[in-house]
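In: I'll drop the sequence and a predicted model, then ask my questions.
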Amino acid sequence: MKDMQSFFGDFAQQIRLRAEATKNFMHASMAELACEWLENEGEIEEFIPAHYDVRGMRVDGYGFSEKDDAIDLFLVDYSPETSLSTLTATDLQLQFNRLKNLFDKAVKGKLYRELEESSPVYGLAWSLHQNASRFGRLRLFLVSHRMLSSRVDTLENETIASWQVSFHIWDLQRLARLQETRPEPIVIDFEREFSHPLSCLPAHLESGDYQSYLVVMPGQMLADLYGKYGSRLLELNVRTFLQLRGNVNKGIRNTIVREPYMFFAYNNGITATAEDVYTKSIGGVTHIVKATNMQIVNGGQTTASLYHAGRSKANLSGIFVQMKLSVVKPELSVKIAPRIAECANTQNKVSAADFFSNHAFYVRMEEMSRRIWAPAVDGSQRQSKWFYERARGQYAEAQSPLSKAQHTSWLKEYPKEQVFTKTDIAKFDNVWDGFPVEVNRGAQKNFAEFAKRISEGWEQDGTFFNDRYYKRAIARAITFRTTEKLVSGQPWYQGGYRANIVAYAQAFLGEILNRSGLVPDWDGIWAKQSLSSAFQDALVDCAMRVNRFIIAPPTHIRNVTEWCKKTNCWDGIKKLEARLSEHLRNELISRSEERFRNKEAEEQRDMDNGIEVQMEVINRGSKFWQKLDSFCKKHRMGISPREQGVLDIAIAMPTRIPTDWQSSMILKLLKRMEDEGFQTN
């Protein structure tokens, strides 16, 4: 892990950069930054800023998680200190008590009556008063730039009325771990947490590298695990896409309530992975004592259904669930865990988009971000690049081995303000492609919709995702971040709802342009790495109209943020009137021009793809292709005469060189033979 003093300095700098970029307070910027990390990693479903601070009560944000059956309240501990300080047990008690006091007053209906209806915290207070009873869990988060005292071990859960209350402390050290390439693991100690280990049947050879166990897990235990860890227990990609499926499976629930004794027979069980397990033999029977980073890769509906049924007072004591648990080492989990999930999932079909984090689209985006230089701006002679972080922690990891001089040079090449992630791309694209409602529904849900569209587009024609697409993505990033800054600086902006205004302002401008048959000149924005004054003026005008619309929702809706998540909200915004200035019209392009530019870029990408596959065949060398030829003949693979012909050309290199289409055929043959057992190494 990075040295804490170093991370402290980096974190403070990132907070300052965000505050300057968005013209926001340091305290609010820290809240947004840290909770953005938590949201991107699936630790929380959403973070909605809502600052309120009076004697005995305070909150900085909130979220509602249907899938985790949880209300999340956030409090941020920030002060402009220049050195590390300690977060004590007394501090924790004081801060969490303020959150609990606010929750109590809001639920009883006393708080919202004291607040202005246009304030973000009014929406929170009203929602808690009206809807808190729908949830079974209250999660209180304290996000701090201090180090948690070593004297603080655990905070025991509490019960407030019908809510199970848990406490989550994200201090500086834990936030630093969140930025590492590997997530903070879940460690389940069955013996300590449930008073007994899990009996199991080993399903692997002792001499093999692979370990797998068959387990019969009590339904109550599985429900309790989900109650404690929530969707963190679900493998991240499955967790993300489970949100798009329906609510708790009715068939599973009916079996739990009406025929619990048949649950084991009817249900397919769950499939899980773990990075490590500790077992011991009791009476000649193997038992799992502890599992590190256990993740359910198939069976999320079963798990959630048991939890919700138990919360509804269903008796789970006679229910048992079969579990296949595979031990997957950390270095292989990114590759193998999604594959296990894809093969195991039968109850809810998991598409290729469900595992989009590992999709070739992002590999290509990463390659382009390391290769393509952005134009120099403001008279500077120095170019820079935008850094796409395909895996968490890549940006920090790339800097770690550098000397001081190298580090300075590297930061000039990849400035901190030019880092972007997969959830960022999803936001940048969706607001301009007409999906602002998804952006308003949170990072994970928005990413799920984006991944579905991109996965389908990739299958149809991968050449669209070329250098021009990458440059357009950066132009949209510049537009998105500029809009954030513009909104924060407007005299009519009174704080709150900025994320909603920013998303809808761009989408609304896109809608106006679409009506006129026009498109932003993304190539021009890329070339200048900035927006023209006319474009900025148009965004500000759209933002003002959007703000006026969303803060006056229908009378039956009191929470503005929830209003922004509804398609009716977007439908209303699209009906607003706005005009394009002549200055802006002069710098836009027609849809036909946009199609022409895309076609040119696709043809270039097609040519580049041909060169790439040709070079791959050449670089492998004729001996490699002789080896493949021998394999095919030895095992009588029955390849076609045409395939044999192009394989003979590859064997004859360098006397003969295969063309791009011949190279593509050879690589397809290679892939088929690998599936048949051909070893490339």
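Out: Structure's in. What do you need?
In: ok, Y266 to Q322 distance?
Out: Per C-beta to C-beta, to the nearest Å, Y266 is found 11 Å from Q322. Quick note: C-beta positions are derived from backbone N, CA and C, even for glycine.
In: what of S488?
Out: Per C-beta to C-beta, S488 is found 53 Å from Q322.
In: equivalent analysis for Y261, please.
Out: 15 Å.
In: out of the two, which sits in the more crowded spot?
Out: In this view Y261 and Q322 are compared by other C-beta atoms under 10 Å, and Q322 has more residues nearby, 15 against 10.
In: remind me which residues of the stretch 301-450 of the chain are low pLDDT?
Out: Scanning the stretch 301-450 of the chain for pLDDT under 70 picks out 330-358, 378-381.
In: and the strands in it?
Out: For the stretch 301-450 of the chain, the strands defined by DSSP state E, counting those that start in this stretch cover 320-327, 387-389, 419-421.
In: distance to R441 added to these, as a markdown table?
Out: Formatted as a markdown table, the strands of the stretch 301-450 of the chain follow (distance: least, C-beta to C-beta, whole Å):
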| stretch | distance to R441 |
| --- | --- |
| strand 320-327 | 31 |
| strand 387-389 | 23 |
| strand 419-421 | 18 |
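In: and those: which comes nearest V257?
Out: strand 320-327 (15.9 Å; C-beta to C-beta).
In: helices or strands up against the closest one?
Out: strand 211-218, helix 219-229, helix 263-266, strand 270-274, strand 276-282 (3 or more C-beta pairs under 8 Å, 6 or more residues apart in numbering; DSSP states H and E).
In: 6 Å instead?
Out: strand 211-218, strand 270-274 (3 or more C-beta pairs under 6 Å, 6 or more residues apart in numbering; DSSP states H and E).
In: would you mind finding the most buried of the ones you listed?
Out: Among the helices and strands packed on strand 320-327, strand 270-274 has the highest mean neighbour count (mean count of other C-beta atoms under 10 Å), at a mean of 24.
In: quick one: residues contacting E36.
Out: By C-beta atoms under 6 Å, 6 or more residues apart in numbering, the contact set of E36 is empty.
In: what about it, which SS state?
Out: Three-state assignment for E36 (DSSP: H, G, I helix; E, B strand; the rest coil): helix.
In: can you tell me how far it is from G442?
Out: Going from E36 to G442 by C-beta to C-beta gives 11 Å.
In: buried sites along the longest helix along the chain?
Out: Counting by DSSP state H, the longest helix found in the chain is helix 591-620. By neighbour count on 16 or more other C-beta atoms under 10 Å, the buried set for helix 591-620 is 594, 597-598, 601-602, 605, 613-614, 617, 620.
In: just the mean pLDDT for the helix or strand that that helix is followed by, thanks.
Out: Note on helix 591-620: by DSSP states H and E, the next helix or strand toward the C-terminus is helix 622-634. When pLDDT is averaged along helix 622-634, the result is 90.
In: now do helix 622-634 against helix 591-620, angle only.
Out: Helix 622-634 and helix 591-620 are oriented at 80 degrees to each other (axes from the mean of the first three to the mean of the last three C-alpha atoms, to 10 degrees).
In: so what touches helix 622-634?
Out: By C-beta under 6 Å, 6+ apart, helix 622-634 touches 639, 647, 650-651, 653, 678.
In: need the CA coordinates for that helix. PDB is fine.
Out: Listed next in PDB are the C-alpha coordinates belonging to helix 622-634 (Å, rounded to 0.1, in the frame of the first residue of the first chain):
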ATOM      1  CA  SER A 622       6.600 -19.900 -39.800                       C
ATOM      2  CA  LYS A 623       7.700 -22.500 -37.200                       C
ATOM      3  CA  PHE A 624       4.600 -21.700 -35.100                       C
ATOM      4  CA  TRP A 625       2.300 -22.300 -38.100                       C
ATOM      5  CA  GLN A 626       4.200 -25.600 -38.900                       C
ATOM      6  CA  LYS A 627       3.400 -26.700 -35.400                       C
ATOM      7  CA  LEU A 628      -0.300 -25.900 -35.900                       C
ATOM      8  CA  ASP A 629      -0.300 -27.800 -39.200                       C
ATOM      9  CA  SER A 630       1.200 -30.800 -37.500                       C
ATOM     10  CA  PHE A 631      -1.400 -30.700 -34.800                       C
ATOM     11  CA  CYS A 632      -4.300 -30.600 -37.300                       C
ATOM     12  CA  LYS A 633      -2.900 -33.500 -39.300                       C
ATOM     13  CA  LYS A 634      -2.000 -35.600 -36.300                       C
END
